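# I would like the atomic coordinates for the input below:
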Amino acid sequence: MLIGLGLILLGLLLMIGGKSKDPNVFDTSEVYSFRRITVAPILILGGLVLEIVGIFKKSKAQDPR
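All right, here's what the predicted structure looks like:
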């Protein structure tokens with residue numbers, strides 16, 4: 001579960017930023033970069049999938065007998 005949380009945090013960190021030095025200039029290459037539009041959401045979704053698998057997977061140490 002910690003790996004999933006790490007992926008989610010990494011995705012969120014990759015998505016932050018994009019602040020322009022001049023507020024009158026809109027830089028589309030920074031705002032709509034491949035890192036923000038593609039990589040970060042994939043990492044977040046992958047982290048969420050790992051969290052779901054980590055919650056629902058049964059541990060081998062548990063014996064129902």
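
# which SSE is the nearest residue to M1 once chain neighbours are set aside in?
Spatially, and ignoring its direct neighbours in sequence, M1 is nearest to G54 (4.0 Å; Cβ to Cβ, 6 or more residues apart in numbering). C-betas here are computed from N, CA, C, even on glycine. Using DSSP states H and E, G54 sits within helix 40-56.

# In terms of secondary structure, what does that helix contact?
Applying 3 or more Cβ pairs under 8 Å, 6 or more residues apart in numbering; DSSP states H and E, we find helix 40-56 packed against helix 2-15.

# Give me the contact list for the helix it packs on.
Under the criterion Cβ atoms under 8 Å, 6 or more residues apart in numbering, residues 35-36, 39-44, 46-51, 53-54 lie in contact with helix 2-15.

# Next: stretch 46-54.
With contacts defined as Cβ under 8 Å, 6+ apart, stretch 46-54 is touched by 1, 3-11.

# run the last query once more with 7 Å
1, 3-5, 7-8, 11 (Cβ atoms under 7 Å, 6 or more residues apart in numbering).

# Same list (those residues) but as TSV, adding neighbour count and distance to D22.
TSV is the format used below for those (neighbours: other Cβ atoms under 10 Å; distance: Cβ to Cβ, whole Å):
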residue	neighbour count	distance to D22
M1	13	43
I3	12	40
G4	18	39
L5	13	36
L7	20	34
I8	18	32
G11	19	28
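
# that older thread, the residue nearest to M1 - how many residues pack around it?
If you count neighbours by other Cβ atoms under 10 Å, G54 ends up with 13.

# Just the pLDDT for it.
Looking at G54, its pLDDT stands at 91.

# How about G18?
71.

# picking up where we left off before, and the angle for the helix holding G54 with helix 2-15?
Counting by axes from the mean of the first three to the mean of the last three Cα atoms, to 10 degrees, helix 40-56 lies at 160 degrees to helix 2-15.

# Dump helix 40-56 to CSV, keeping only the CA atoms.
Below are the C-alpha coordinates for helix 40-56, written out as CSV (Å, rounded to 0.1, in the frame of the first residue of the first chain):
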residue,chain,number,x,y,z
ALA,A,40,1.1,12.3,-13.9
PRO,A,41,-2.5,11.0,-14.3
ILE,A,42,-1.2,7.6,-15.3
LEU,A,43,0.9,7.5,-12.1
ILE,A,44,-2.1,8.5,-10.0
LEU,A,45,-4.4,5.9,-11.5
GLY,A,46,-1.7,3.3,-11.1
GLY,A,47,-1.3,4.2,-7.5
LEU,A,48,-5.0,4.0,-6.9
VAL,A,49,-5.1,0.5,-8.6
LEU,A,50,-2.3,-0.6,-6.3
GLU,A,51,-4.2,0.7,-3.3
ILE,A,52,-7.3,-1.2,-4.2
VAL,A,53,-5.3,-4.4,-4.8
GLY,A,54,-3.5,-3.9,-1.5
ILE,A,55,-6.8,-3.5,0.4
PHE,A,56,-8.6,-6.5,-1.2
